[in-house]
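Peer 1: starting from these lines, generate the structure:
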Amino acid sequence: MQNIRKIFFRDVRALLKHPLALLIAAGLCILPALYAWFNIYSNWDPYGNTGNIRIAVASGDRGYTDADGGRVNVADTVIASLKENKSIAWTAVENQEAAVRGVSDGSYYAAVVFADDFTECMYQGFLNGLARPTVTYYENEKKNAVATKITDTAVSTLENNINEQYISLVVSLLFHQQKDVLQNMEASQLSEEIRTKIRKTKEAAGHFSAAVRSLVQANDKLAASMEGANSDLATIGSNLEHVRQGLSDVPDLQALADRLNAANARAVQSVSDALSQLKQAQRAEVAAQKQACYERFGTGIASARDSLEQLINSLQSLNAATIHVSPGIVLTQLEQQLQSLDAMQQRIASRAETDNAGMLTEMEQQLEQQVQVVQQTLQTTVSQSLARLGSDLQQASAEMSQVAGNIQEDIALLDTILTSSVTAVDLANQSFSGMAADMDNIGGKLDQITEIVDSVSEEQLAQGFLSFMQGNAQEYGEFFAEPVTMQTEAVYPVDNYGSGVAPFYTTLALWVGGVVLVSLIKVKAHTDGIENPRPYELFFGRYLLFLMLAVIQAAITVWGDLYLLHIQCLYPRRFFLAALVTSVTFSLLIYALTISFGDLGKAAIVVLMVLQIAGSSGTYPIEILPRFYQKLYIFFPFPYAINAMREAIAGMYEQDQTLYLLQLSLFAAAALALGLVVRLPFRRFYHFIEQRMEDTEMM
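Peer 2: Numbering: from 1, shown residues only. Next comes the predicted model:
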């Protein structure tokens, strides 16, 4: 350790003594941050400026004259709406030739041209052999690859809008043109309405006849039931006697309420006594006195616990009583306090294991607070709940007494009702019997009309269809054009594209920072003035300088991301933690490769950077990249660093960031194994390669 400190402090003093070297080191710390900042800023909101992308639009549409004599040109309407759309710079040109020429010479990224029969096909294409309205799209793929994707999206949106407009127009025209015809059909088919009325009358008569027959049958059953009703009164009287006996079995509710309150009062007194003994124990200085107070405290807690158990048993017995008043809230409160008393008994029983006086004092203070909470709860919350429970018990008792008093009146009323019902049933039997005979005659006449009514059943179905066809044509068109409504809810929303790519460019900048450090600062420490340096001392002695600069690079980069660019970041501290772990891991990995393999290691570092830029899923999803990257990317450190920063920027999910940082740390462990163990047997071989490269006087 002494040699490591000596090497590190010697490097720091060397930097401080040479202002130019210190200035270069400061530049090395700022350079990666500038790389990240400029890239993030340039990608801040690229799709917010698509209004500067020019797309030419031309129309040769000759229009169409509808049945009412009105002139319509759908292409002109679409172009007018496009000019109001600011997301793309839609530019109207004279004709198709001008549009194509502008795409060819690079004046426009793309062009859209409406055919000369566009409107005519919109109105008549469905009826004329399914002729489709045509729009021709020209795009310049040479000018810019990304711009082509943007114009493709814009034109696809335009195509969807035109399709929706076309469907809406066709459906609206279809329903609108049929509406007048259907109205005329209704005027000429008045006889159909008569047939409909007859059919409905027949159905109503049939239902009425069936209802009358059901009433006759029900009346017969009712008459039979009335005959046995008088015998049921005796059974009801017997049941009344059982009810009165049940009332005598109801416990003395007032005495029960008094017992509950008394048990609660005993528990409060026991808790108060225990609290007093605990305070005496706190003031006692002699161990014997303190022990006696502890024993009396435990006795008070046990007494309070017994009182609460009695109170709980009394409340639970209410469930078996005649009056069902739920004591659930009070039971829950009492069980909570009982658990608290159990916890206090365990605490006071375990005091012998506490040798530290400070810990014993802290335990006594905690016990005092717990006892005060229990005392306060029993005096206020539990007492109030018991008072409400007692009121409920008194109310239930009064209601039971009232019910018992009304039962006798109900029996007398039932006797009167049954007596009157016998007479009413006899009269109803006579009326229903005559009505049933009349309905039999009416049913015979309605059967003669049934055949006529059945002949128009299919026409009735057609009439229902015609009623549907006469609905609002415009509403039908809008519905069929867009029958599904899409609702979008963002999960882990990100304010802008710059914040979305900040993890990738910050990670890339920290890797670039590590590459710049090993390019300008020698990785091998001098052994002058160092006694018998071991390989690991030389390794860590010089690496501490790289570590210090890497931490500074991470701090500057994160500071600029947050306070210069103002990227979205929900967890700034975790973002800095992710950047710090990333920078340390990268610097250690790059340093180990360089000190182990020299220039070959530097070449490997560049290759790793190139592979990770393309295949780390920093910009494009890994699923759309070639299969080579999909298989290889899990062995790169970039994805884990990027994902850890994304968690801090957009939102955390469980322990994902911790997992990513642990996975990233595996690369640091691999770098240590490479720099401290793996490279040692091959030092002479790498030295031989370096000598041969120097012999060329070019490398």
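Peer 1: what count of nearby residues applies to Q663?
Peer 2: 16 (other Cβ atoms under 10 Å). C-beta: built from backbone N, CA, C; applies to glycine.
Peer 1: let me fix that: Q366
Peer 2: Applying other Cβ under 10 Å, I find that Q366 has 12 neighbouring residues.
Peer 1: who's in contact with it?
Peer 2: Q366 makes contact with R347 under the criterion Cβ atoms under 8 Å, 6 or more residues apart in numbering.
Peer 1: now swap in E335 and tell me
Peer 2: With contact taken as Cβ under 8 Å, 6+ apart, E335 is in contact with I312.
Peer 1: what's the pLDDT at T119?
Peer 2: T119 carries a pLDDT value of 79.
Peer 1: the strand or helix carrying it - contacts with which helices or strands?
Peer 2: If you go by DSSP states H and E, T119 is part of helix 118-124. Here helix 118-124 touches strand 64-65, helix 74-84, helix 145-188, going by 3 or more Cβ pairs under 8 Å, 6 or more residues apart in numbering; DSSP states H and E.
Peer 1: which of these has the lowest mean pLDDT?
Peer 2: helix 145-188 (a mean of 59).
Peer 1: A helix includes E654, no?
Peer 2: No: applying DSSP: H, G, I helix; E, B strand; the rest coil, one finds E654 to be coil, outside a helix.
Peer 1: would you mind measuring from it to L544?
Peer 2: As for E654, its distance to L544 is 35 Å (criterion: Cβ to Cβ, to the nearest Å).
Peer 1: okay, the two: which has more neighbours?
Peer 2: Using other Cβ under 10 Å, the more surrounded residue of E654 and L544 is L544, with 17 against 8.
Peer 1: was I right about the more buried one contacting I4?
Peer 2: Yes: applying Cβ atoms under 8 Å, one finds L544 in contact with I4, separated by 7.0 Å.
Peer 1: show me where the stretch 1-150 of the chain has helices.
Peer 2: Shown for the stretch 1-150 of the chain, the helices assigned by DSSP state H, counting those that start in this stretch span residues 2-17, 19-42, 74-84, 96-104, 118-124, 145-188.
Peer 1: what's the first-to-last distance across stretch 88-105?
Peer 2: Distance across stretch 88-105, first residue to last, is 19 Å (Cα to Cα, to the nearest Å).
Peer 1: show residues contacting it.
Peer 2: 50-58, 60, 79, 82-83, 108-113, 136, 138-140, 150-151, 154.
Peer 1: okay, buried residues for that stretch please.
Peer 2: Using 16 or more other Cβ atoms under 10 Å as the test for burial, stretch 88-105 gives 88-91, 93, 96, 98-100, 102-103.
Peer 1: show me the shaky parts of the stretch 351-500 of the chain.
Peer 2: 351-360, 364, 367, 375, 378, 382, 386, 389-488 (pLDDT under 70).
Peer 1: and with 90 instead?
Peer 2: Across the stretch 351-500 of the chain, the ranges flagged by pLDDT under 90 are 351-498.
Peer 1: for stretch 589-603, buried residues please.
Peer 2: For stretch 589-603, using 16+ other Cβ under 10 Å, the buried residues are 589-598, 601-602.
Peer 1: on that earlier part again, the contacts of stretch 88-105, buried ones only, as a PyMOL selection?
Peer 2: To isolate the buried members of these in PyMOL, using 16+ other Cβ under 10 Å:
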select buried, resi 50+53+54+55+56+57+58+79+82+108+109+110+111+112+113+138+139+140+150+151+154
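Peer 1: quick one: the strands in this protein?
Peer 2: Per DSSP state E, the chain carries strands over the ranges 54-59, 64-65, 71-72, 89-92, 110-114, 135-139.
Peer 1: how much space is there between Q277 and A490?
Peer 2: 61 Å.
Peer 1: ok, those two, which is more surrounded?
Peer 2: The neighbour count for Q277 versus A490, taken as other Cβ under 10 Å, is higher for Q277 (21 against 7).
Peer 1: so who does the more buried one touch?
Peer 2: 293-294, 296-297, 300.
Peer 1: any chance of these in TSV with neighbour count, distance to M609 and pLDDT as columns?
Peer 2: Listed next are the contacts of Q277 as TSV, based on neighbours: other Cβ atoms under 10 Å; distance: Cβ to Cβ, whole Å; pLDDT from 0 to 100:
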residue	neighbour count	distance to M609	pLDDT
C293	19	73	77
Y294	20	69	72
R296	16	76	78
F297	25	70	73
G300	22	73	75
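Peer 1: now, these that are in helices?
Peer 2: 293-294, 296-297, 300 (DSSP state H).
Peer 1: any chance you could list what contacts stretch 544-554?
Peer 2: Contacts for stretch 544-554 (Cβ under 8 Å, 6+ apart): 4, 7-8, 11-12, 25, 28-29, 32-33, 510, 513-514, 517-518, 521, 523, 576, 579-580, 582-584, 586-588, 591.
Peer 1: excluding chain neighbours, what is closest to A614?
Peer 2: In space, and not counting its chain neighbours, A614 is closest to Y629: 6.8 Å by Cβ to Cβ, 6 or more residues apart in numbering.
Peer 1: again with G514
Peer 2: I590 (4.0 Å).
Peer 1: I'd say K602 and V518 touch.
Peer 2: Yes: between K602 and V518 a contact is recorded at 6.6 Å, counting by Cβ under 8 Å.
Peer 1: shared neighbours of these two, which are they?
Peer 2: Residues touching both K602 and V518 (Cβ under 8 Å, 6+ apart): T594.
Peer 1: how far does stretch 562-574 stretch from start to finish?
Peer 2: End residues of stretch 562-574 are separated by 12 Å (Cα to Cα).
Peer 1: list the buried residues in that stretch.
Peer 2: 562, 567, 569, 571, 574.
Peer 1: quick check, nearest of the residues you listed to N73?
Peer 2: Closest approach to N73 among these (Cβ to Cβ): I567, at 48.1 Å.
Peer 1: contacting residues around the closest one?
Peer 2: Contacts of I567 by Cβ under 8 Å, 6+ apart are 40, 498-499, 502, 561, 649.
Peer 1: turn these into a markdown table, including neighbour count and distance to Q370.
Peer 2: Formatted as a markdown table, those follow (neighbours: other Cβ atoms under 10 Å; distance: Cβ to Cβ, whole Å):
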| residue | neighbour count | distance to Q370 |
| --- | --- | --- |
| I40 | 25 | 54 |
| G498 | 22 | 54 |
| S499 | 22 | 49 |
| A502 | 30 | 50 |
| D561 | 29 | 49 |
| I649 | 24 | 44 |
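Peer 1: tabulate those (CSV), appending distance to E531.
Peer 2: Shown next, in CSV, are the contacts of I567 (distance: Cβ to Cβ, whole Å):
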residue, distance to E531
I40, 49
G498, 53
S499, 53
A502, 48
D561, 45
I649, 49
